[in-house]
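Student: structure for this input, please:
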Amino acid sequence: MAKQATPMKKTRARYSDAYREEALALADRVGAAAAARELGLQPSQLYQWRAKAQQKKNTSEREQSLADENARLKRQLAEISEELAINKKGRGILCEEPEVKYAFIQQHRQAFSIQRMCAVLGVARSGYYAWRQRGGEPSWRRRQQAITDQRVAQVFQQGKGRSGAPRLTHDLNDAGISVCRNTVASSLRRQSLRAKAARKYKATTNSRHELPVAPNLLKQDFTADAPNQKWVGDITYLATGEGWLYLAVLIDLYSRKVIGWAMSERMTADLVGDALQMALWGRKMPKGVIVHSDRGSQYCSTLYQALLTRHDLRCSMSAKGNCYDNACAESFFHSLKVESIHGERFSTREAMRRQVFEYIELDYNRQRRHSAIGMISPEAFEARMIA
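Tutor: Now for the predicted structure:
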C-alpha cells in the first residue's frame, strides 16, 4: 500500500508593529474593506488590530495632547487676531517711510505687541528702538540706514533667508540699488538677520569601523530563477521638517519586490534588523538565502549578524565604496524619491512614513510595472511564475 503523504503544516503569517500601524492608518483613510483588499488581508484582522491598539491608548496622554493642542490653537488665534487688528489700523501706512511706521508703533504700543507690529509693518525692532531713543527725530544718516535696512530685509526675505551679504549685494545692485558689501553686512547685523546654513551631505554608509565584513557572494549578478535565492538591502535618508527619517529595505531579486522595510529617526542596527525580520516573516522563514548589503556598520553589527546566523542566511557585502555592487537597491531608492517624494514638502516624519508606506505596499509592489520582470508589477510577476 502506498504511504499517504503528510499534509504540510500551514505557517501563520506574522506582521511587525510598524506594518500593523501603517495598515490601520490606511484603513482609517480608505476603509477597512478597501485596505484589506489592497494589502491582501482579511478585514477581521484589521478590526482585531484596531481593537488591540485602542486598548493600549492611555487616557491621560490623550487628554494632555488635547490640552496642548487647545493651548496652541488659542495662541495661534490670538496672534492672528492681533495681526488682523494691526493691519486694519495700519492699512494706510504700509507703504510709508519707516519713520511713519515707527510713529504708529509708538502710538499703539499699549494696545499691541511691538514685535508683532514690526513684523506686520515690515520694519526692524532695532530701527524702532533707535528712533525712539532719538526722540522721533532721525538724522539723515539714520534715515538712510532705515531705508537700507528695509531694502535689505525685503531682498533677504525674497531669497527665503538663504543669501548672505555677498549675494544680497549683487541682488540689490542688479535692482538698481547701489550698495557695497560692508553696508549690507552692517544692515544684516542691525536686524539680526543670518543666512540659513547649507545642510551637510549625509552619508548613510559608515565603513570606517573595525567590525568584520563578509565576502561579495553576489558579484553584481542580480538574476534569480526562484524566490528567496538573493535578497539585497540598503539604507537611505529622507528629509522632513522634523529632521531625517531613515529607511531600510530588503528586495527579492527574483521579482524586485520589497519584502522587508523599516523606518526610524535614527540609523541603528535595529533599523536593518527590523527590515530583515519583516522579510523573514513575509517569506515564511526561508533558509540559505544570500542577503547582500554594503559594509556599513549597521550590517556588520553583532545584532544583524546574529540574526543572519540564527536563520541560516548567507551574508554578502559590496566592495568598499562601490555602489554598483548594490545597484538594485540604489535603483529602488531613486524611483521612490523621483516618483513619490521630490517636489513634495513633508513637515513631519509621520507624513513621510505614510507616503513611503503607500508607495512600497500599494504602488511599487502591487501596481508599478518593472522593466526587469517583463513590465508587470512584482506581485503580479510572483503570482504568474509561482502558480
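
Student: give the other helices and strands that the helix or strand bottoming out on mean pLDDT in the chain contacts.
Tutor: Of all helical and strand segments in the chain, the minimum by mean pLDDT, DSSP states H and E falls on helix 165-174, at a mean of 76. Judged by 3 or more CB pairs under 8 Å, 6 or more residues apart in numbering; DSSP states H and E, helix 165-174 is in contact with helix 140-158, helix 181-190. Heads up, the C-betas are built off the backbone N, CA and C, glycines and all.

Student: which parts of the last one are buried?
Tutor: Of the residues in helix 181-190, those buried by neighbour count under the rule 16 or more other CB atoms under 10 Å are Thr183, Val184, Ala185, Ser186, Ser187, Leu188, Arg190.

Student: same question for stretch 316-333.
Tutor: Residues of stretch 316-333 classed as buried: Ser316, Met317, Ser318, Ala319, Asp325, Asn326, Cys328, Ala329, Glu330, Phe332, Phe333 (neighbour count, 16+ other CB under 10 Å).

Student: ok, stretch 123-138 next?
Tutor: For stretch 123-138, the neighbour count (16+ other CB under 10 Å) marks Val123, Ala124, Gly127, Tyr128, Ala130, Trp131, Pro138 as buried.

Student: show me what contacts the fourth one?
Tutor: Read it as Tyr128. Lys101, Tyr102, Ile105, Gln106, Ile114, Cys118 (CB atoms under 8 Å, 6 or more residues apart in numbering).

Student: quick check on these: which are buried?
Tutor: Neighbour counting with 16+ other CB under 10 Å marks Lys101, Tyr102, Ile105, Cys118 as buried within these.

Student: and the pLDDT for the third one?
Tutor: In other words, Ile105. With respect to pLDDT, Ile105 scores 84.

Student: enumerate every residue touching it.
Tutor: The contact partners of Ile105, by CB under 8 Å, 6+ apart, come to Ile114, Met117, Cys118, Leu121, Val123, Tyr128.

Student: remind me which residues of the protein are low pLDDT?
Tutor: For the chain, applying pLDDT under 70 flags the ranges 1-11, 57-62, 137-139, 142, 159-163, 167, 171, 195-210, 386-387.

Student: now do the strands in it.
Tutor: Secondary structure of the chain by DSSP state E: the strands cover 230-240, 243-252, 257-264, 290-293, 314-317.

Student: tell me which of the buried residues of stretch 123-138 is nearest to Ser293?
Tutor: Ala124 (52.9 Å; CB to CB).

Student: the closest residue to Ile259 other than its chain neighbours and Val249, how far apart?
Tutor: Leaving aside its sequence neighbours, Ile259 sits nearest to Ala279 (CB to CB, 6 or more residues apart in numbering; 4.4 Å). Distance, Ala279 to Val249, using CB to CB, to the nearest Å: 9 Å.

Student: which of the two has more neighbours?
Tutor: Between Ala279 and Val249, counted using other CB atoms under 10 Å, Val249 has the larger neighbour count: 27 against 24.

Student: please report how far the residue nearest to that one when sequence neighbours are not counted lies from Arg366.
Tutor: With CB to CB, 6+ apart as the criterion, Val249 has its nearest non-adjacent residue at 4.8 Å, and that residue is Trp261. Separation of Trp261 from Arg366 (CB to CB): 14 Å.

Student: which residues are in contact with the nearest residue to Asn182 once chain neighbours are set aside?
Tutor: Distances taken as CB to CB, 6+ apart place Ala165 nearest to Asn182, at 8.0 Å, with adjacent residues excluded. Taking CB under 8 Å, 6+ apart as the criterion, Ala165 is in contact with Arg181, Asn182, Val184, Ala185, Leu188.

Student: mind redoing it with 7 Å?
Tutor: Applying CB atoms under 7 Å, 6 or more residues apart in numbering, we find Ala165 in contact with Arg181, Val184, Ala185, Leu188.

Student: list the buried residues of the longest helix seen in the chain.
Tutor: Identified as the longest helix of the chain according to DSSP state H is helix 59-89. Buried residues in helix 59-89, counted by 16+ other CB under 10 Å: Glu82, Glu83, Ile86, Lys89.

Student: stretch 288-308 too?
Tutor: Residues 289-301, 304-305, 307-308 are the ones in stretch 288-308 that count as buried (16+ other CB under 10 Å).

Student: what of stretch 34-51?
Tutor: Going by neighbour count (16+ other CB under 10 Å), the buried part of stretch 34-51 is Ala35, Ala36, Glu38, Leu39, Leu41, Gln45, Leu46, Trp49, Arg50.

Student: would you reformat those residues as a markdown table and include distance to Ala18?
Tutor: A markdown table is the format used below for these (distance: CB to CB, whole Å):
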| residue | distance to Ala18 |
| --- | --- |
| Ala35 | 16 |
| Ala36 | 18 |
| Glu38 | 17 |
| Leu39 | 14 |
| Leu41 | 15 |
| Gln45 | 16 |
| Leu46 | 15 |
| Trp49 | 12 |
| Arg50 | 16 |
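
Student: and the two most separated of those residues?
Tutor: Spatial extent of those (CB to CB) is set by the pair Glu38 and Arg50 at 16.2 Å.

Student: I'd say Leu238 and Ile341 touch.
Tutor: Yes. Because the distance of 6.5 Å satisfies CB atoms under 7 Å, Leu238 is recorded as touching Ile341.

Student: related to what we said a few turns ago, between Ala279 and Val249, what contacts are shared?
Tutor: With CB under 7 Å, 6+ apart, Ala279 and Val249 have common neighbours Gly260.

Student: just the helices in the stretch 201-350 of the chain please.
Tutor: Secondary structure of the stretch 201-350 of the chain (DSSP state H, counting those that start in this stretch): helices at 269-282, 297-300, 302-310, 327-336, 349-358.

Student: contacts for the first one?
Tutor: Meaning helix 269-282. For helix 269-282, the external contacting residues (CB under 7 Å, 6+ apart) are 14-16, 19, 231, 233, 235, 246, 248-250, 259-262, 264, 298-299, 301, 303-304, 307, 311.

Student: having no further points to raise, I will conclude here.
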